[in-house]
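1. Provided below are the primary sequence and the corresponding predicted coordinates.
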Amino acid sequence: MTRIRRQVGALLEGAWRPPGLCVPNADTYPHQWLWDSCFHAVAWHALGDDRGALELTNVLARQDPSGFVPHMTYWHHPDLHRDFWGRSGTSIITQPPMYGHAARVLFEGAEDAGRPALTDDLSGRIAGALRHLYLDRPRTPGGLVPVLHPWETGCDDSPRWDGHRHRREPWRTTKSELVAALRTGDDHGRRFVVGSIGFNALLVWNTREYLRLPGAHRRDELASAADELAAAVTARWDGAAATWIDDVDPTSDIAAHDDGRAAAIRTADTLTALLVDPRPEAFDQLADPAAFAAPYGPRGVHIDEVTYRPDVYWRGPAWPQISYLLWWAAKEGGADRVAETSARSLVAGAERSGWAEYWHPESGLGLGARPQTWAGAALPAAQWLAERDAAPPSD
């Protein structure tokens, strides 16, 4: 435990930059990313360091008046990608709203513990960000909040987006054209409007996490919106497929190229719906070596899917932020055995991979950027395991 704590402390300290944030990797990711910083805040808290509150504040510092929170902030080179995004300083898309959970971790019981409390300004920003997602995006036919670009899910190249791929061009080209369509308002037939189960589950869960705090704003409005969206997520469960099915807008370009199979591919990020809809049969898949369970897992894609590639970006590797969320879902959902195995595989994978961006679930081989700071989310899991191991056996 001491070793893990020391490694995470060095990881975050080495990535710390003004005005108060961690760059995920100085070479590959030298800017601020929304959900990365929220996981950094969780790790800072586990270290007993108050810098998590400053990092969370800076995530929301460039929030639009509408409440929209950009997924990237260019603090040090504001015009670097100005032509690409069509504006200076930030991107024009968002990411999963992990600020609700980060706020709960940072501020729940803070005053009683002598720690900095949630400020009224930060609380208002979080409430405004959540409200924007619920109210300012038209719903999919199944009542889900749509994402407008694969990057908004955080799962950039998930096989669930394969129906949108244009086979004669690189996927990167398609994603760049989708940004251009959002930037100019002229989609030229290119539209990505998908009710991502993972994104919607995280929206509901982060809303509920935020509402646990006594200083939460818009409490009744947000609670009602979360309950309504939770019902829409739950309704997307397909027992035959043993997963939740994304809801694709029929006017979307993805609908024109997909017969529905991609939306039902079994992926680990979709299992974050367990945070909202804790189904035993879904938890069982996380414990099953013939499904998602691996020594350094969970696998990013079910082992039986033809798209499973354990060493290819978003096609099967284990990701620390997804592993953290599934550990939390099992812990809060009463799936104790799954919670323990998930926590142990997360900690083992983070350390064996060299604190990588993602890793091979079977071998722990580090992949992507190394080190990558959100792997520090393994520390809370390690602390939880240490507390469990130290606890006397129950009668």
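-> Sure thing, it's come through. Since this is a predicted model, take the numbers as computed values, not measurements. Residues are numbered from 1 along each chain as shown.

2. Where does pLDDT dip in the stretch 101-250 of the chain?
-> 165-168, 187-190 (pLDDT under 70).

3. which element is the residue nearest to residue 296 when sequence neighbours are not counted on?
-> Nearest residue to residue 296, sequence neighbours excluded (CB to CB, 6 or more residues apart in numbering): residue 349, at 3.5 Å. Every C-beta, even on glycine, is put in place using the N, C-alpha and C of the backbone. Remark: residue 349 resides in helix 336-352, with elements defined by DSSP states H and E.

4. re the thing from before, distance check, the residue nearest to residue 296 against residue 101.
-> Distance, residue 349 to residue 101, by CB to CB, to the nearest Å: 21 Å.

5. do the same with residue 174
-> Taking CB to CB, one finds residue 174 at 31 Å from residue 101.

6. ok, back up a step: contact partners for the residue nearest to residue 296?
-> 296-297, 318, 320, 323, 359, 361, 364, 378 (CB atoms under 8 Å, 6 or more residues apart in numbering).

7. Next up, the contacts around the residue sitting nearest the centre point of the chain.
-> In the chain, the residue lying closest to the centroid (CA atoms, centre = their mean) is residue 96, at 5.2 Å. Counting by CB under 8 Å, 6+ apart, residue 96 touches 34-35, 153-154, 198-199, 202-203, 206.

8. now do 7 Å
-> 35, 154, 199, 202 (CB atoms under 7 Å, 6 or more residues apart in numbering).

9. Same list (the residues you listed) but as JSON lines, adding neighbour count and distance to residue 374.
-> Formatted as JSON lines, the contacts of residue 96 follow (neighbours: other CB atoms under 10 Å; distance: CB to CB, whole Å):
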{"residue": "35", "neighbour count": "21", "distance to residue 374": "8"}
{"residue": "154", "neighbour count": "26", "distance to residue 374": "10"}
{"residue": "199", "neighbour count": "25", "distance to residue 374": "17"}
{"residue": "202", "neighbour count": "27", "distance to residue 374": "15"}
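
10. that older thread, from residue 334, how far out is the residue nearest to the centre of the chain?
-> Counting by CB to CB - residue 96 and residue 334 are separated by 24 Å.

11. repeat for residue 115
-> Where residue 334 is concerned, residue 115 sits at a distance of 28 Å (CB to CB).

12. These two: who's more crowded?
-> Higher neighbour count among residue 115 and residue 334: residue 115, with 15 against 11, using other CB atoms under 10 Å.

13. sorry, back to before: could you look up the SS state of the nearest residue to the residue nearest to the centre of the chain once chain neighbours are set aside?
-> In this structure, residue 96 finds its nearest non-sequential neighbour in residue 202, 4.3 Å apart by CB to CB, 6+ apart. Secondary structure, DSSP: H, G, I helix; E, B strand; the rest coil: residue 202 is helix.

14. Run a quick neighbour tally on residue 131.
-> Residue 131 - counted by other CB under 10 Å - has 18 other residues nearby.

15. Within the helices and strands, which one has it?
-> Going by DSSP H and E, residue 131 is in helix 120-135.

16. can you count the residues close to the nearest residue to residue 140 once chain neighbours are set aside?
-> Closest residue in space to residue 140, ignoring its immediate chain neighbours: residue 195 at 3.8 Å, by CB to CB, 6+ apart. Number of residues near residue 195 (other CB under 10 Å) recorded here: 25.

17. so residue 195 makes contact with residue 244?
-> No: counting by CB atoms under 7 Å, residue 244 is not a contact partner of residue 195; they are 10.3 Å apart.

18. Now do the helices in the stretch 201-350 of the chain.
-> 219-234, 253-257, 280-287, 320-332, 336-352 (DSSP state H, counting those that start in this stretch).

19. Can you say which of those helices is packed in most?
-> When the helices of the stretch 201-350 of the chain are scored by mean count of other CB atoms under 10 Å, the highest mean neighbour count falls to helix 320-332 (a mean of 25).

20. Give me the contacts around that one.
-> 35, 39, 268-269, 271-272, 274-275, 278, 283, 286, 298, 338-339, 342-343, 345-346, 350, 374-375, 377-378, 381.

21. Recalculate using a threshold of 8 Å.
-> 35, 39, 42, 154, 202, 268-269, 271-272, 274-275, 278, 283, 286, 297-298, 300, 335-336, 338-339, 342-343, 345-346, 349-350, 358, 374-375, 377-378, 380-381, 384.

22. contacting residues around residue 335?
-> 278, 280, 283, 286, 329 are the contacts of residue 335 under CB under 8 Å, 6+ apart.

23. Just the closest of those to residue 16, please.
-> residue 329 (29.6 Å; CB to CB).

24. distance of that closest one from residue 279?
-> Residue 329 is 11 Å from residue 279, by CB to CB.

25. hmm, back to that, export the contacts of residue 335 as JSON lines, with columns for pLDDT and distance to residue 28.
-> Shown next, in JSON lines, are those (pLDDT from 0 to 100; distance: CB to CB, whole Å):
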{"residue": "278", "pLDDT": "97", "distance to residue 28": "35"}
{"residue": "280", "pLDDT": "96", "distance to residue 28": "39"}
{"residue": "283", "pLDDT": "97", "distance to residue 28": "34"}
{"residue": "286", "pLDDT": "96", "distance to residue 28": "29"}
{"residue": "329", "pLDDT": "98", "distance to residue 28": "29"}
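
26. Return the member of these nearest to residue 390.
-> residue 329 (23.7 Å).

27. Any idea how many residues pack against the closest residue in space to residue 1 that isn't next to it in sequence?
-> Nearest in space to residue 1, with sequence neighbours left out and distances taken as CB to CB, 6+ apart, is residue 386 at 4.6 Å. Counted by other CB under 10 Å, the residues lying close to residue 386 total 15.

28. secondary structure element for residue 386?
-> helix 378-390.

29. Which of the residues in that helix are classified as buried?
-> 378-385 (16 or more other CB atoms under 10 Å).

30. can you check stretch 102-121 too?
-> 102-107, 110, 117-118.

31. For these, work out which two are farthest apart.
-> 102 and 117 (14.7 Å).

32. Does anything pack onto the helix holding residue 131? Which helices or strands?
-> The contact analysis (3 or more CB pairs under 8 Å, 6 or more residues apart in numbering; DSSP states H and E) places helix 120-135 against helix 51-59, helix 99-107, helix 197-211, helix 219-234.
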